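Chemist: no letters, just coordinates:
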């Protein structure tokens, strides 16, 4: 049974159709990637699932039809988004940003335990817990954005371009953490322009072109696909 079920999702910006007839599913515990070129509609699809933007079609999660739910109700059901651009609160400290992630929770003891876990996952954030978010490096801000989402105790973590703008060593660290989060049992839907990294870090994947899904399958099989290698991995067929 699908944990996340998306049926005929559509997103429009005026006359521009960013996503058309998108149908996909994710099982509990899976990490599923959505890859495609810049402007393919990946972020629009993710934002629609999270409830940040309006959409047509159906979004079901954990047996509930959330198609009409606003963003805060989807968050309350267990969806947490790490947005493109990170969206941290620059004037708040690292610690305050992380606690904001738990604003829908009332279990104070569990919140304290999860905060300690985030600091174990990201030791650099612990070192900078009193520093304002706006003074952090790009990589540190990405860590903070992921940590804030995890403080919501999500059932499904939506990640939008986590490697964007980061140095290679920081990208490696971020994806090491993403794999660790996945191994802990959190279901992940990953939008990532670095196709190789996305496929190497996921169980299954979808390929999006011009607002439509054109391929899907096991991530390792897609890594071996000549079309994927040529179009998204920069490899030329001989």
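Modeler: Nice, I can see it. Keep in mind that this is a model prediction, so the values were computed, not measured.
Chemist: quick one: contacts of the longest helix along the chain?
Modeler: The residue-count maximum for a helix in the chain (DSSP state H) belongs to helix 168-183. Residues from elsewhere that reach helix 168-183 (Cβ atoms under 8 Å, 6 or more residues apart in numbering): 31, 121-122, 138-139, 142-143, 146, 150, 157, 159, 162-163, 166, 188, 190, 194, 197, 201. Every residue, glycine included, has its C-beta placed from N, CA and C.
Chemist: let's go with 7 Å and repeat that
Modeler: With contacts defined as Cβ atoms under 7 Å, 6 or more residues apart in numbering, helix 168-183 is touched by 31, 121, 139, 142, 146, 157, 159, 162-163, 166, 188, 197, 201.
Chemist: same question, stretch 7-23
Modeler: 6, 41, 44-45, 48, 53, 55-59, 211-213.
Chemist: SS state for residue 147?
Modeler: helix (DSSP: H, G, I helix; E, B strand; the rest coil).
Chemist: OK, contacts around the residue nearest to the spatial centre of the chain?
Modeler: The residue lying closest to the centre of the chain (Cα atoms, centre = their mean) is residue 159, at 1.2 Å. Listed by Cβ under 7 Å, 6+ apart, the contact partners of residue 159 are 82, 178, 188, 190, 191.
Chemist: run the last query once more with 8 Å
Modeler: By Cβ under 8 Å, 6+ apart, the neighbours of residue 159 are 82, 146, 178, 188, 189, 190, 191, 192.
Chemist: residues contacting the closest residue to the fourth one other than its chain neighbours?
Modeler: If I follow you right, that is residue 188. Of all residues not flanking residue 188 in the chain, residue 31 sits nearest, at 4.3 Å (Cβ to Cβ, 6 or more residues apart in numbering). Counting by Cβ under 8 Å, 6+ apart, residue 31 makes contact with 178, 182, 187, 188, 190, 201, 202, 203.
Chemist: so what's the backbone phi/psi at residue 31?
Modeler: With angles defined as degrees, to the nearest 10, residue 31 sits at phi -110, psi 120.
Chemist: circling back to that earlier point, using the three-state scheme, assign the residue nearest to the centre of the chain.
Modeler: Applying three-state DSSP: residue 159 is strand.
Chemist: just the one 5 residues further on next, same as before
Modeler: Here residue 164 is coil, with the state taken from three-state DSSP.
Chemist: next: residue 207.
Modeler: strand.
Chemist: how about the strands in this structure?
Modeler: Using DSSP state E, the strands assigned to the chain run over residues 4-13, 16-26, 31-35, 56-61, 64-65, 79-82, 156-160, 187-191, 204-209, 212-218.
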